[in-house]
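S.K.: Mind looking at a prediction? Sequence and model below.
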Amino acid sequence: MKDTKIQWHPGFVAAMNLEFANDRDGLIFEKEYNLNTKPLEIDLLVIKKAASVQIENEIGTFFRGHNIMEYKSPKDHLDIDAFYKAMGYACLYKSYGKTLDERKAEDITLTLVREVKPEGLFQRLETHGYPISNPYEGIYHIGGKTLFPTQIVTTKELDKSEHIWLKALSEKLERQDVEELVGRIRRLSGQQEREYAGSVFQVSISANRKVMDELKGDVDMNQALLELMEPELRIRDEEKIKEGLQRGIQGTVDAFQKYGHGKTEIKKIIMEQYGISADEAEGYF
């Protein structure tokens, strides 16, 4: 069952950009990569700019040239069918190169990300001859004759100090987790990093309303939250102003029409009064 209320996937893409902050210069990130037809999209495609690029992050040490990442929100299942569906995406990606065999199978990896370990899937895979190794906390490599090198990342088991962004994509954060997340965000200096962090933070607060309510009584935390939410609040204010302006223009148009003024005359009035273009004015009729 898909979780349609909380926008987990944009948060995931932002989290991965932060996870690979030290390696970003050598990578290309393609979110929601389109596989020929619109319904078929890879959550995140990470491409190495050069084969020589070395990635520090534990998740990225597994990467090759083309790296497909599929994210499962807390309410999504990661079962055997979801596993093969993701593998199918990798097959399609391999087959859609511009020339024959342009994308080598051995140069493509598949990473599935989920909060909790998929015990049922692991049992099935091992039963069918796919041994599973655990080289790092929360990171499992699938052995055997898979079509593409495959790993499964369980964010609940990751080291929080190293992977705070992915671990923030949870419905089970404690007050201390949120405080640590806010502290880490406040220490970010780059605008791009803060924007990515803001996306992660929005998912976290949407999924953990109870904890956020608890933090409202903390003066220091309230100040930090206001700082983090300021861009979103500004956007909302701008949207409200725009909506108010549109209602005002429409009211003006309706009033002049009521008293018998023609369209050409009304358009000229609202263009001069509100500083809008002819095309924009046309939209009110």
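M.R.: Yes, it's here. Numbering: from 1, shown residues only.

S.K.: Residue 52 - how many residues pack around it?
M.R.: Neighbour count for residue 52, taken as other C-beta atoms under 10 Å: 7. Bear in mind the C-beta positions are built from the backbone N, C-alpha and C, glycine included.

S.K.: nope, residue 192 is what I meant
M.R.: Applying other C-beta under 10 Å, we find 12 other residues in the vicinity of residue 192.

S.K.: Can you classify it by secondary structure?
M.R.: Following DSSP: H, G, I helix; E, B strand; the rest coil, the label given to residue 192 is helix.

S.K.: Which pLDDT value goes with it?
M.R.: Residue 192 carries a pLDDT value of 87.

S.K.: Buried residues, stretch 120-137. List them.
M.R.: 121-122, 125, 130, 132, 136 (16 or more other C-beta atoms under 10 Å).

S.K.: With stretch 243-251 instead?
M.R.: Residues residue 249 are the ones in stretch 243-251 that count as buried (16+ other C-beta under 10 Å).

S.K.: Now do it: everything it contacts.
M.R.: The list of residues contacting stretch 243-251 from outside it, by C-beta atoms under 8 Å, 6 or more residues apart in numbering, reads 270, 274, 276, 284.

S.K.: Tell me how the protein divides into domains.
M.R.: 8-215, 229-282 (automatic domain parsing).

S.K.: can you tell me which of the buried residues of stretch 120-137 lies nearest to residue 40?
M.R.: Set against residue 40, the nearest of the buried residues of stretch 120-137 by C-beta to C-beta is residue 121 (21.7 Å).

S.K.: Wasn't the closest one part of a strand?
M.R.: No: per three-state DSSP, residue 121 lies outside any strand segment and is helix.

S.K.: and the gap between it and residue 87?
M.R.: Remark: distance between residue 121 and residue 87 (C-beta to C-beta, to the nearest Å) = 12 Å.

S.K.: can I get the buried residues of stretch 120-137 in JSON lines with distance to residue 16 and pLDDT?
M.R.: Conversion of the buried residues of stretch 120-137 to JSON lines gives the following (distance: C-beta to C-beta, whole Å; pLDDT from 0 to 100):
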{"residue": "121", "distance to residue 16": "22", "pLDDT": "97"}
{"residue": "122", "distance to residue 16": "23", "pLDDT": "97"}
{"residue": "125", "distance to residue 16": "24", "pLDDT": "96"}
{"residue": "130", "distance to residue 16": "25", "pLDDT": "95"}
{"residue": "132", "distance to residue 16": "23", "pLDDT": "97"}
{"residue": "136", "distance to residue 16": "16", "pLDDT": "96"}
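
S.K.: and the domains of the chain, which is most packed in?
M.R.: domain 8-215 (a mean of 17; mean count of other C-beta atoms under 10 Å).

S.K.: That one: end-to-end distance?
M.R.: One end of domain 8-215 to the other measures 22 Å (C-alpha to C-alpha, to the nearest Å).

S.K.: Tell me where the model's unsure across the stretch 151-285 of the chain.
M.R.: For the stretch 151-285 of the chain, applying pLDDT under 70 flags the ranges 216-217, 219-241, 259.

S.K.: how about the helices in it?
M.R.: Using DSSP state H, counting those that start in this stretch, the helices found in the stretch 151-285 of the chain span residues 164-167, 175-186, 191-207, 209-215, 219-258, 263-274, 278-282.
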